[in-house]
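>>> Using only what follows, build the 3D model:
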Amino acid sequence: MQVIAEVVRTRSTVAAADAAHISQPAVTQTVAKLEAAVGEVLFTRTGTGMEPTEPGRRFAQRIGRAFDQLHLAERELGVPGLGGRVTSVQLRTLVAAVEAGSFTLAAAKLGVSQPSVNRAMRDLESLCGRPLLARTPQGLEPTREARGLARLAALALAEIRQGLEELREWRGQMTGRVSVGCLPLARSHLLPEAITGLLARYPEAQVRIIDGPYAEQLHELRHGGLDLIVGALRLPPPTPDIEQEVLFVEPLSIVVRAGHPILAEGEPTAAALAALDWIAPRDGTPARAHFAGFFAAAGVKPPRHIIECSSLIASRGLLMQSDRAALLSASQVRQEVEAGYLAVLPQPLPGTERPIGLTVRKGWQPTRVQAALMELLRQGAGEGGK
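Below you'll find the model as predicted:
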């Protein structure tokens with residue numbers, strides 16, 4: 001990849017060879033191999049040198065972004081020139097080993113032998129001038145430097161993957177991948193409808209949806225495993241390397257089963273609500289803070305009998321089979337309310353409004369497929385997510 005970047009920069013295989021410290025025939029061979037692998041002409045050979053084609057320029061931009069991550073790793077590790085010497089095999093091996101916590105599992109994930117993993121890690125540690133992984137009874141323990149390098153390596157590899165997808169998009173093959181994290185307070189219909197619209201436009205696109213706690217999704221986003229997160233935003237942002245975009249603001253509501261005795265009271269008092277058994281959001285989440293704050297503001301003791309649940313599916317089931325109440329957004333239970341299974345109490349809950357939107361990595365550059373999904377999400381939010 002460094003060779004391609006140097007050819008774009010210098011417009012010359014001779015100058016690129018000098019910069020990359022290899023022979024000029026090796027540069028020519030590298031360019032030819034890459035063009036054959038991606039099925040695209042990346043450079044036009046002229047009498048004055050090598051002129052990148054439009055797909056060549058686009059791919060070179062992705063290579064440059066990948067090297068930005070590796071240059072950051074150089075500064076963090078204090079190892080100048082690491083980006084020009086490290087191989088993609090070593091980067092993938094480090095990422096797999098840190099994620100798996102085992103050379104055996106890393107080898108299985110990469111589809112290579114364990115000795116190959118061991119060799120790649122030894123070579124990388126030699127380049128870095130320090131150990132990166134320590135063996136413990138529990139498995140491999142990455143050093144702090146290894147975790148930081150693995151994150152930047154994963155982001156660099158993600159840039160190359162997006163670059164390859166953009167080359168396919170250039171040929172009209174809209175087969176790119178978009179990985180989305182979906183949080184509980186995202187509107188139940190917003191993401192499904194946006195994905196349905198995306199696949200109607202690009203039937204060959206690959207979509208991956210991940211559910212789970214915010215901390216896990218944020219980790220995946222920051223390591224390149226997710227492209228974006230859809231759901232409740234965190235204010236202020238928990239880390240400086242992400243960007244958030246508000247799509248809409250939605251309050252929480254009190255939800256019970258249809259026919260619940262509390263519905264007969266119209267707008268029940270806080271004391272009457274505190275006497276109910278509840279399904280509460282997970283401790284430490286913004287929704288749980290709203291739950292506690294509602295009763296504190298009313299001057300009543302919070303409910304004692306609580307089931308802590310972060311699963312929307314489980315919460316719906318528990319509500320329909322008991323006299324418990326839950327704090328949810330009305331859109332999350334729209335289908336169940338329309339079907340007559342659940343009901344939303346009419347009283348407003350001031351102060352529970354939550355901004356719902358998109359979270360991405362700062363400076364992230366989406367492919368056309370990824371950008372199309374984001375635009376469909378914006379359109380759906382503007383239409384109320386209905």
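>>> wouldn't Ala134 be in contact with Glu145 here?
No: in this structure, Ala134 is not within contact of Glu145 by Cβ atoms under 8 Å, at 11.8 Å. No exception for glycine: its C-beta is placed from N, CA and C like everyone else's.
>>> Looking at the two, which is more packed in?
With neighbours defined as other Cβ atoms under 10 Å, Ala134 and Glu145 compare such that Glu145 has more, 17 against 11.
>>> for the helix or strand where that one lies, packing partners?
Here Glu145 sits within helix 144-170, counting by DSSP states H and E. Helix 144-170 sits against helix 54-77, helix 88-100, helix 368-382, with contacts defined as 3 or more Cβ pairs under 8 Å, 6 or more residues apart in numbering; DSSP states H and E.
>>> List the buried residues in the last one.
Within helix 368-382, the residues scored as buried using 16 or more other Cβ atoms under 10 Å are 369-370, 372-374, 376-378, 380-381.
>>> okay, the residues you listed in CSV with pLDDT and distance to Ala15 next?
Shown next, in CSV, are those (pLDDT from 0 to 100; distance: Cβ to Cβ, whole Å):
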residue, pLDDT, distance to Ala15
Val369, 98, 36
Gln370, 98, 35
Ala372, 98, 39
Leu373, 98, 40
Met374, 98, 39
Leu376, 98, 44
Leu377, 97, 45
Arg378, 97, 44
Gly380, 92, 50
Ala381, 91, 49
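>>> returning to what we had before: how far does the helix holding Glu145 sit from the chain's center?
When distances are taken as Cα atoms, centre = their mean, to the nearest Å, helix 144-170 is centred 13 Å away from the chain's centroid.
>>> what's the average pLDDT for that helix?
Confidence over helix 144-170 (mean pLDDT, whole number) is 97.
>>> Flag every buried residue along it.
Within helix 144-170, the residues scored as buried using 16+ other Cβ under 10 Å are 145-146, 149-170.
>>> so that helix versus helix 368-382, what angle?
90 degrees (axes from the mean of the first three to the mean of the last three Cα atoms, to 10 degrees).
>>> Which residue, neighbours along the chain excluded, lies closest to Phe59?
Gly163 (4.9 Å; Cβ to Cβ, 6 or more residues apart in numbering).
>>> show me what contacts that neighbour?
58-59, 61-63, 66 (Cβ atoms under 8 Å, 6 or more residues apart in numbering).
>>> give me that answer again for 7 Å
If you count contacts by Cβ atoms under 7 Å, 6 or more residues apart in numbering, Gly163 has them with 59, 62-63.
>>> so which of the residues you listed is the most crowded?
In terms of neighbours by other Cβ under 10 Å, the contacts of Gly163 top out with Phe59 at 26 neighbours.
>>> picking that back up, distance to Glu35 for the helices and strands packed on helix 144-170 - can I get that in TSV?
Shown next, in TSV, are those (distance: least, Cβ to Cβ, whole Å):
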stretch	distance to Glu35
helix 54-77	9
helix 88-100	17
helix 368-382	22
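>>> among those, which is nearest Val3?
Nearest to Val3, of all the helices and strands packed on helix 144-170, is helix 54-77, at 9.7 Å by Cβ to Cβ.
>>> Mind checking what secondary structure Ile210 has?
With DSSP: H, G, I helix; E, B strand; the rest coil as the basis, Ile210 sits in strand.
>>> what number of residues lie near it?
Neighbours of Ile210 using other Cβ under 10 Å come to 15.
>>> Distance-wise, check it relative to Leu328.
In this view, Ile210 and Leu328 are 21 Å apart by Cβ to Cβ, to the nearest Å.
>>> Over to Ser12?
As judged by Cβ to Cβ, Ser12 and Leu328 stand 62 Å apart.
>>> do the same with Pro131
Applying Cβ to Cβ, the value for Pro131 to Leu328 is 48 Å.
>>> These two: which has the busier surroundings?
A direct count of neighbours by other Cβ under 10 Å for Pro131 and Leu328 places Leu328 higher, at 24 against 12.
>>> tell me the secondary structure for the residue nearest to that one when sequence neighbours are not counted?
Closest residue in space to Leu328, ignoring its immediate chain neighbours: Val255 at 4.9 Å, by Cβ to Cβ, 6+ apart. Following three-state DSSP, Val255 is assigned to strand.
>>> check contacts around Pro213.
The contact partners of Pro213, taken as Cβ under 7 Å, 6+ apart, are Ser310.
>>> can you tell me how far it sits from Leu273?
Between Pro213 and Leu273 the distance is 27 Å, computed by Cβ to Cβ.
>>> Where does the prediction get shaky in the protein?
185-187, 384-386 (pLDDT under 70).
>>> Spatially central, which residue of it would that be?
Leu226 (2.1 Å; Cα atoms, centre = their mean).
>>> Now that residue: phi and psi?
Here is the backbone geometry of Leu226 (degrees, to the nearest 10): phi -120, psi 150.
>>> Surely it touches Gly181?
Yes: in this structure, Leu226 is within contact of Gly181 by Cβ atoms under 7 Å, at 4.7 Å.
>>> any residues in contact with both of these two?
Common contact partners of Leu226 and Gly181 (Cβ under 7 Å, 6+ apart): 210, 217, 220.
>>> ok, which stretches of this protein are strands?
43-46, 49-52, 133-136, 139-142, 177-182, 206-211, 228-232, 242-250, 253-257, 278-280, 306-308, 325-328, 342-344, 354-361 (DSSP state E).
>>> Include distance to Ala298 when you put those into JSON lines, please.
Putting the strands of the chain into JSON lines (distance: least, Cβ to Cβ, whole Å) gives the following:
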{"stretch": "strand 43-46", "distance to Ala298": "70"}
{"stretch": "strand 49-52", "distance to Ala298": "66"}
{"stretch": "strand 133-136", "distance to Ala298": "50"}
{"stretch": "strand 139-142", "distance to Ala298": "48"}
{"stretch": "strand 177-182", "distance to Ala298": "32"}
{"stretch": "strand 206-211", "distance to Ala298": "33"}
{"stretch": "strand 228-232", "distance to Ala298": "23"}
{"stretch": "strand 242-250", "distance to Ala298": "22"}
{"stretch": "strand 253-257", "distance to Ala298": "13"}
{"stretch": "strand 278-280", "distance to Ala298": "14"}
{"stretch": "strand 306-308", "distance to Ala298": "17"}
{"stretch": "strand 325-328", "distance to Ala298": "14"}
{"stretch": "strand 342-344", "distance to Ala298": "19"}
{"stretch": "strand 354-361", "distance to Ala298": "20"}
